[in-house]
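A.B. asks: Need coordinates for the below:
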Amino acid sequence: MLLLNIHDAKYTLSAVLANIEEHNETLRICRNGKPVAELVKIPPLPSQHNDPADRMIVATAAFHKMPVLTPDKEIRKYKEVRVVW
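C.D. replies: Numbering: from 1, shown residues only. Model prediction:
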C-alpha cells in the first residue's frame with residue numbers, strides 16, 4: 001500500500017492513477033500524516049448498458065462484495081453482484 005500526502009497526490013494524480021491501474025496497488029492519501037482517502041483499482045465490468053451511475057453502483061458493490069438492493073432489471077444482468085429485491 002502506498003501513502004501520499006494531498007499536495008503530492010494533487011500534482012502527480014495522472015501518474016498515481018496509471019500506477020494503480022498497471023500494478024493494482026492501493027493508495028492512501030493523507031492529510032497531516034493521517035489517511036483521509038483510499039484509491040483502488042475497480043473491477044472491470046462488461047457493458048450491460050450505458051448508465052454510468054448504475055456502473056458505479058455495481059462496481060462499488062462488487063469491490064466490497066455486497067449485494068445491491070434494487071428492482072432495476074438492467075443491474076440484474078451483471079453477474080458480478082447479487083441483486084436483492
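A.B. asks: When you work out contacts or count neighbours from here on, use the C-alpha atoms and nothing else.
C.D. replies: Fine.
A.B. asks: who touches L45 in this structure?
C.D. replies: R55, A59, E80 (Cα atoms under 8 Å, 6 or more residues apart in numbering).
A.B. asks: Look at it and tell me its secondary structure.
C.D. replies: Recorded secondary structure, L45: coil (DSSP: H, G, I helix; E, B strand; the rest coil).
A.B. asks: Show the model's pLDDT score for it.
C.D. replies: Listed pLDDT for L45 reads 83.
A.B. asks: One more: E25?
C.D. replies: 87.
A.B. asks: pretty sure it is touching M1, no?
C.D. replies: Yes - E25 lies in contact with M1 (Cα atoms under 8 Å); the separation is 6.4 Å.
A.B. asks: counting contacts, what elements does the longest helix belonging to the chain pack onto?
C.D. replies: Criterion DSSP state H: the longest helix present in the chain is helix 52-64. The helices and strands touching helix 52-64, judged by 3 or more Cα pairs under 8 Å, 6 or more residues apart in numbering; DSSP states H and E, are strand 68-69.
A.B. asks: Measure how far the strand it packs on is from the centre of its chain, please.
C.D. replies: On the basis of Cα atoms, centre = their mean, to the nearest Å, strand 68-69 sits 17 Å off its chain's mean C-alpha point.
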